[in-house]
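Student: Pasting the sequence and the predicted coordinates here, then a few questions.
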Amino acid sequence: MIKTKNLSKDYGSLTAVANLNLTIQQGDIFGFIGPNGAGKTTTMRILVTLLEPTHGTAFIDGLDVRKKGKKVRKLVGYMPDFMGVYDDLKVFEYLEFFAAAFAIERKKRKSIVDGVLELTDLQSKRSATVDSLSRGMQQRLGLARVLIHDPKVLILDEPASGLDPRARIEIRELLRELKRMGKTIMISSHILSELEEICDHVGIIEHGRMVFSGTLEEIRPRLGIESKVRVQVANNQDKAVELLSALPQIRQVQVIDDYISVTFGDDQEGDGIIARTLVNGGLDVTFLQPEQLKLDDAFLQLTKGIVH
Amino acid sequence: MNTALADGVSVLGGLWWLTGPIFDKELRVASRRRRSYVLRSAYIALLCLFILYVWLITVRLGGPGSASFRASRMGEAGRRVITAIIWFQFVAAQLMAIVLLSTSIGGEIRQRTLSVLMTTPINSLQIVMGKLLSGLLQVTLLLAISLPLLAIIRVFGGVPWGHVVSGLCITLTAAVFAGALSLLLSMTARHAYTVVLTIMTGYLLVFGACSGLIGLLSAWGLFGSTFAEVILYVLNPFGALHAVLSLGKTAGVISSWPVHCAIMLSATVGVVSLAVWRFRKIALSRAFSGTAKPDTYFPIKRVEGAPIVWKEMRKPFFGRRKASFILYAVLTGVVLLGFVPSVFALFGFRRGRGPVGSSLYYYLMMGFSLIVFVRLAVLSAASITAEKEAGTWPILLATPLDDTEIVRGKAIAAFRRNVPLLLLLILLQVVLYLGIMLFAGMAFFPVLYIIIYVIGLAGTVVFVIGLGLYFGVRLKSTNAAVASTVGIYIGVELFGRRVFTTLLYSIFLAPFYRQAGRGAVLTWLIPIAVTLIPTCVCLGVGLLAAQRARCRLRRSIF
């Protein structure tokens, strides 16, 4: 649905995006991650035809963003990182204005606006002036606006920034609902734990270059990250350490308070081996949990330039 | 240079207690802005053009004659050039003081730096004086640039130093007062152009309509001449400068210019005191109130027709804000106070009331048309930059609306929102022609002149809207776009057209006019052609600017 080919954007001597290649399948939620100034927003702006790439090109649903700008804009719903609002317009008027801008017939507009207001839970604010809404409400209104023309692709630049935890959870639920509706969503965020929960794929960008693109599971081998398992036994922790240290698959055993942290190579069956070894050794295992690779960790490692 | 100058001024004057670090910061920032240098270059260029124009029409185009005759006209040329420079500086310095200080407090609020500034030990006096003095220093620098020119032109003879000095003093005090007023209003106004428009309207009312009215009534014998002279030449900076530069024609009041300057400085102290007194309360309430405001009751309006036009026309003619309403109420006051009596004066010609009625009406027309076109410039330029400032511009451009649709929609809306004022302007012009017709004893109404006037008006409307859209697209801030549009409009309207018409007529058409003889049909067609050519140029430039705006619409989005 979204594809970029050697996409580059230069601002004078500064390269914001360099030879970016990206593919997002239909119906996916793609998390676009990177430190400030990495080129996320520039890439998104190129995809929504607000910026011209210096080299390369991008396609939305097979349409070249450089040549078919108007058609691309009809397909895409774009929510910028800073969403401005018009003074003196009411919520309904604001949405109807954009419905008209997307050339939706007048007789259909009212039902469509009411529909997106319901979806974003903004019916009660129908007659409120847009600039009187709170930040969270304005973000929801932004999402309502993005949905007004029923786009196939949603490009959301930091939609949850500046929101309180409740509003963030609501936005996340809304994105899940949109995924169920079959939308392809590209979302950038600094709150990585949120992306972790909703994204099918992630792309990590640094200095305008894509340093990783794939699923979270695919990151581990790419980074050479060792698997870790946390174990707790009811009795005789020393014996447990001795048993585990003797296993050839295990690289390191560390005691941290009343837990034992066991480090493997890239063996996916590590937790099974530990459980069997300890039970066969006559120990009662009270807790065993593989340590999840957090997106935060991957982000930190990948953006330090240590990718192999 | 600014920083060095600031250091010098601060050290010499020991101004730290008065301005704090604000003065230094403002000058440091100003020295890094390209527009400061552009402004100075444009000022010098305009000044040189203006001097060239006055010199040409005085000496070179003053008619045939021997070399000794031309030499004898040098004194006259010197007097005219110096008078023109001082008038030019008088208007330009006030305008620049108003524009430069119109963003002084509002800009800090918009950038959210004022609330931070208020948490420091810097007091209100230091903030107000720091801002005021830094703005005025820029204006003083521009005035200083022209001093060598004035000194050189004085060699021609004809003007004593006293007049130059008094003219500069009046200019400086008027600029200081205008700057202080601008700073005071910038504390409450949301946009800089509101400040500029409010002051222009206020000046038109107080220094134009009221003074003119008093002069008129004095001429009719309703007021004593001393009272009228005090109002016209002592309290009014325009009158005071006129008196000084009249060189003896109003000899009785020339000596009063130091009193005028003292009054203006006292008024400035009053305005600054008010600003310091109210600063903390107003600034804090604005800084922390944000843009959110309670819901006001007005019904939901369904979108009809082109969405851009609908959105722009959604705002009522007078605006929803109290400040806008007050502005237009003052404007109505100008019309009522100024025009109604002047119409009587205009029609009083035949009863031997003298020409004062027509000139008052003429100046009021100039002032009113200036306000109409400044409003047009504001609406067209701000229609795009306001979207950039609010962050809605990228959202709008991400819709499938055509670039042409957007530019056309903005242009139509700017025009339609000014239609009532434009119609009023045409009506006032018809009244003026009617008065002249009765005075001149013409048997028929000059319909042709009305048509030419309307064509000229259309040309100016297209010119201003085109320029406004172009600068709106090119520049990021509303203030810069409005200032550029208004600056070029005023430059073209007050100087460009006149210079163009004079040169065109004197160089190309006058010889032809003399050859054709007075009875020829061409003798009345030529003036019409001379009037229409600048109109066509304005029309072309306006359309070209709008076209460029369309082409560049997606170039400076962020």
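Tutor: Structure received.

Student: In three-state terms, label residue 50 for me.
Tutor: Since you didn't name a chain, this refers to chain A. Three-state assignment for residue A:50 (DSSP: H, G, I helix; E, B strand; the rest coil): coil.

Student: how many other residues sit next to residue A:135?
Tutor: When neighbours are defined as other CB atoms under 10 Å in any protein chain shown, residue A:135 has 13 of them. Any C-beta I mention is one placed from the backbone N, CA and C, and that applies to glycine too.

Student: which residue sits closest to it, ignoring its sequence neighbours?
Tutor: What sits nearest to residue A:135 in space, not counting adjacent residues and going by CB to CB, 6 or more residues apart in numbering or on different chains, is residue A:162, at 5.6 Å.

Student: helix/strand/coil for the one you found?
Tutor: Assignment for residue A:162 (three-state DSSP): coil.

Student: what's the burial count for it?
Tutor: 13.

Student: gap between it and chain B?
Tutor: 13 Å (CB to the nearest CB, to the nearest Å).

Student: so what's the backbone phi/psi at that residue?
Tutor: When read as degrees, to the nearest 10, the backbone of residue A:162 gives phi 80, psi 10.

Student: Just confirm residue A:187 is within a strand.
Tutor: Yes - if the criterion is three-state DSSP, then residue A:187 is within a strand.

Student: Now the closest residue to it other than its chain neighbours: which helix or strand?
Tutor: Nearest residue to residue A:187, sequence neighbours excluded (CB to CB, 6+ apart): residue A:156, at 4.6 Å. Using DSSP states H and E, residue A:156 falls within strand A:153-157.

Student: what mean pLDDT would you report for that strand?
Tutor: The pLDDT scores in strand A:153-157 average 92.

Student: which residues make contact with it from outside it?
Tutor: A:1-2, A:40-41, A:44, A:47-48, A:60-61, A:75-81, A:143, A:146-147, A:175, A:178, A:183-188 (CB atoms under 8 Å, 6 or more residues apart in numbering or on different chains).

Student: and the residues you listed, which of them are in helices?
Tutor: Secondary structure from DSSP state H places A:40-41, A:44, A:47, A:75, A:143, A:146-147, A:175, A:178 of the contacts of strand A:153-157 in helices.

Student: now those residues as a markdown table including distance to chain B and neighbour count?
Tutor: As requested, the ones in helices among the contacts of strand A:153-157 are arranged in a markdown table below (distance: CB to the nearest CB, whole Å; neighbours: other CB atoms under 10 Å in any protein chain shown):
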| residue | distance to chain B | neighbour count |
| --- | --- | --- |
| A:40 | 14 | 25 |
| A:41 | 9 | 21 |
| A:44 | 10 | 24 |
| A:47 | 10 | 25 |
| A:75 | 10 | 19 |
| A:143 | 13 | 23 |
| A:146 | 9 | 25 |
| A:147 | 14 | 22 |
| A:175 | 19 | 23 |
| A:178 | 18 | 20 |
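
Student: Can you give me the pLDDT of the residue nearest to residue B:392 when sequence neighbours are not counted?
Tutor: Excluding its sequence neighbours, the residue lying closest to residue B:392 (CB to CB, 6+ apart) is residue A:84, at 4.0 Å. pLDDT, residue A:84: 76.

Student: Run through the strands of the stretch 201-308 of chain A in chain order.
Tutor: A:201-206, A:209-214, A:228-233, A:250-256, A:259-264, A:285-290 (DSSP state E, counting those that start in this stretch).

Student: mind listing what's buried in stretch B:543-558?
Tutor: The neighbour-count check on stretch B:543-558 (16 or more other CB atoms under 10 Å in any protein chain shown) flags B:545-546, B:548-550, B:553-554 as buried.

Student: How about stretch A:248-262?
Tutor: A:250, A:253, A:260, A:262.

Student: Now narrow these to whatever sits close to chain B.
Tutor: Among those, no residue is within reach of chain B (CB under 8 Å from any CB of the partner chain).

Student: possible to save the residues you listed as a markdown table with pLDDT?
Tutor: Shown next, in a markdown table, are these (pLDDT from 0 to 100):
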| residue | pLDDT |
| --- | --- |
| A:250 | 81 |
| A:253 | 86 |
| A:260 | 87 |
| A:262 | 85 |
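
Student: Show me the two of these that sit farthest apart.
Tutor: Pairwise distances among the buried residues of stretch A:248-262 were taken by CB to CB; the largest, 10.7 Å, belongs to A:250 and A:260.

Student: so what's in contact with these two at the same time?
Tutor: residue A:244.

Student: correct me, but residue A:42 touches residue A:15?
Tutor: No - applying CB atoms under 8 Å, one finds residue A:42 not in contact with residue A:15, separated by 10.0 Å.

Student: These two: who's more crowded?
Tutor: residue A:42 (23 against 17).

Student: got a list of what that one touches?
Tutor: By CB under 8 Å, 6+ apart, the neighbours of residue A:42 are A:9, A:16-17, A:51, A:208.

Student: same check, this time on residue A:230
Tutor: Per CB under 8 Å, 6+ apart, neighbours of residue A:230: A:259-262, A:287-291.

Student: Tell me how many other residues surround residue 95.
Tutor: If you meant another chain, say so; for now it's chain A. By the criterion of other CB under 10 Å, residue A:95 has 27 neighbours.

Student: wrong one, I was asking about chain B
Tutor: 20.

Student: Model confidence score at it, please.
Tutor: For residue B:95, the model assigns a pLDDT of 85.

Student: what about it, is that helix, strand or coil?
Tutor: Under three-state DSSP, residue B:95 comes out as helix.

Student: next one: the host helix or strand of residue B:25 to chain centre, how far?
Tutor: Here residue B:25, judged by DSSP H and E, is contained in helix B:22-32. The chain centroid and the centroid of helix B:22-32 are separated by 26 Å under CA atoms, centre = their mean, to the nearest Å.

Student: Give me the residue ranges of the stretch 101-250 of chain A where confidence is low.
Tutor: For the stretch 101-250 of chain A, the stretches with pLDDT under 70 are A:190-191, A:220-226.

Student: how near is the residue in it that chain B sits nearest to to residue B:395?
Tutor: Of all residues in the stretch 101-250 of chain A, residue A:101 sits closest to chain B, at 4.1 Å by CB to the nearest CB. Distance, residue A:101 to residue B:395, using CB to CB, to the nearest Å: 9 Å.

Student: likewise residue B:176?
Tutor: Taking CB to CB, one finds residue B:176 at 43 Å from residue B:395.

Student: Neighbour count: the two, which is higher?
Tutor: Neighbour totals were compared for residue B:176 and residue B:395, and residue B:176 leads with 27 against 24 (other CB under 10 Å).

Student: That one: which element?
Tutor: Secondary structure from DSSP H and E places residue B:176 in helix B:161-186.

Student: So which bits of that helix are buried?
Tutor: B:163-164, B:166-186.

Student: pLDDT averaged over it - what is it?
Tutor: Averaged over helix B:161-186, pLDDT sits at 90.

Student: and it, how far out from the chain's middle?
Tutor: That offset, for helix B:161-186, works out to 15 Å (CA atoms, centre = their mean).

Student: which residues are in contact with the helix or strand following that helix?
Tutor: Going down the chain from helix B:161-186, the next helix or strand is helix B:192-203, by DSSP H and E. The set of residues external to helix B:192-203 that reach it, using CB under 8 Å, 6+ apart, is B:98-99, B:102-103, B:106-107, B:178, B:181-182, B:185-186, B:189, B:323-324, B:327, B:330-331, B:334, B:370-371, B:374-375, B:378, B:382, B:478-479, B:482, B:486.
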